[in-house]
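Q: pasting the sequence and the predicted model now:
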Amino acid sequence: MSESKVLLVDDERDFVEALSERMSHRGLDVVTAVSAKDAIQMAQGETFDVIVLDLKMPEIDGLETLKILKQTNANTHFILLTGYATAEKGIRAMLSGAEEVLEKPSNVDILIKKIEKLVSKKMIEL
Amino acid sequence: MNRKWDVIGSEGFKFMGKMNASISHEIKNVLAIINENAGLLEDFTLMAGKGQGLDPERLKSLAGKIQHQVQRADRIIRNMNTFAHSVDETRKKVDLGEVVAFMAALSERPASMKGVALEVTPPLRPISITTNPFLLEILIWRCLDFAMAVCGTGKTVVLKTERNDQGANITFSQLKRLSDASSRTWFPQDLENALADSLGAEIVVNESVGEIVLGLPENIE
């Protein structure tokens, strides 16, 4: 069974490196980007099952990035990460095309369960 | 109530809110990094329980990353505390170079969100002025916020503090879009003028060299 491919995008490099490794331990094929521009470029060259994206990033924010990515990745699922998950943010995220919104710091197992649900595949349990 | 103080009061609250929101977001990011690196440590112990060896160098590196983030959070919270105490006194002797460096540190995240780098050139020797610290911080922020909007593609704003005959100058330079016709009408506006008036300060916009100069008296009246 092929691994689900995930693009993880956040401008905090230490966060992205640690979380991507934890996701890899659990059976995901994870590619990382530390800027919206990098993410947009990567998504043009590869197809991802899920893109996990920080809401607040320098220069192009998460919602704007999401809208751009959705144009070229119609079949990709999107999960947004935010420091403060308010109802208003949740609604804006959903209206922009995200399927889930998670507050940071988050529990990796909750993130994995959400990805499993979106791609309909079970991941490795540590 | 005097309109000038209405404007300053209202903007003072907004400034406090904006800075506190920025600080809290940064702390959340630090907590997220600590959370994931601590989680990785947990993953390794679970994997060790299933027979996979532990790499001491890797563990040491993770511990180092967590400690680094704790130090980062400590710096952020110290800045937050300094900011909170800037309202304690309405007339105080301050080290202007330190105030400018502090405001640059406080503004680092909002600047980063706009893709702008801040460079601080401190004065050759300490410059003391007697002023209203909180109002000065708001005015520096307002100058900086505008400077970031007109710094152009170079995306760097340089802040330089120097002594002058009346007190001191803070110069915001490398503002390559300052001479754009649309930029010129933005600044200074009512708020900046009200703050400058309260501080005995003067704002000079030098379009030809792409600079804003904030002149401050040695002693607020």
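A: Happy to help now that I have it.
Q: low pLDDT regions in the chain?
A: Since no chain was named, I'll use chain A. Scanning chain A with the threshold set as pLDDT under 70 gives A:1-2, A:122.
Q: wrong one, chain B
A: The model of chain B has pLDDT under 70 over residues B:1, B:181-185.
Q: show me which residues of it sit near chain A.
A: B:24-25, B:28-29, B:31-37, B:39-40, B:43, B:46-47, B:62, B:65, B:68-69, B:112-115 (C-beta under 8 Å from any C-beta of the partner chain). Yep, even glycine has a C-beta here, placed from its N, CA and C like the rest.
Q: may I see the PyMOL selection of the buried members of those residues?
A: The PyMOL selection below is limited to those of these classed as buried (16 or more other C-beta atoms under 10 Å in any protein chain shown):
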select buried, chain B and resi 25+28+29+32+33+34+35+36+37+39+40+43+62+65+69+112+113
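Q: looking at the residues of chain B next to chain A, which are in helices?
A: B:24-25, B:28-29, B:31-37, B:39-40, B:43, B:46-47, B:62, B:65, B:68-69, B:112-113 (DSSP state H).
Q: for chain A, what lies in contact range of chain B?
A: A:12, A:14-15, A:18-19, A:21-22, A:25, A:56-59, A:83-84, A:104-106, A:108, A:126.
Q: the same query, at a cut-off of 6 Å, please.
A: Those residues of chain A that sit near chain B, judged by C-beta under 6 Å from any C-beta of the partner chain, are A:12, A:14-15, A:18-19, A:22, A:25, A:58-59, A:83, A:104-105, A:108, A:126.
Q: of the residues you listed, which belong to helices?
A: Short answer: these in helices (DSSP H) are A:D14, A:F15, A:A18, A:L19, A:R22, A:H25, A:V108.
Q: which of those residues tops the neighbour count?
A: Ranked by neighbour count (other C-beta atoms under 10 Å in any protein chain shown), those have A:L19 at the top, with 29 neighbours.
Q: what's the neighbour count on B:N20?
A: Neighbour tally, B:N20, other C-beta under 10 Å: 13.
Q: what helices and strands are in contact with the helix or strand where it lies?
A: B:N20 is part of helix B:3-49, with elements assigned from DSSP states H and E. Helix B:3-49 sits against helix A:13-25, helix B:56-84, helix B:108-113, helix B:190-199, with contacts defined as 3 or more C-beta pairs under 6 Å, 6 or more residues apart in numbering or on different chains; DSSP states H and E.
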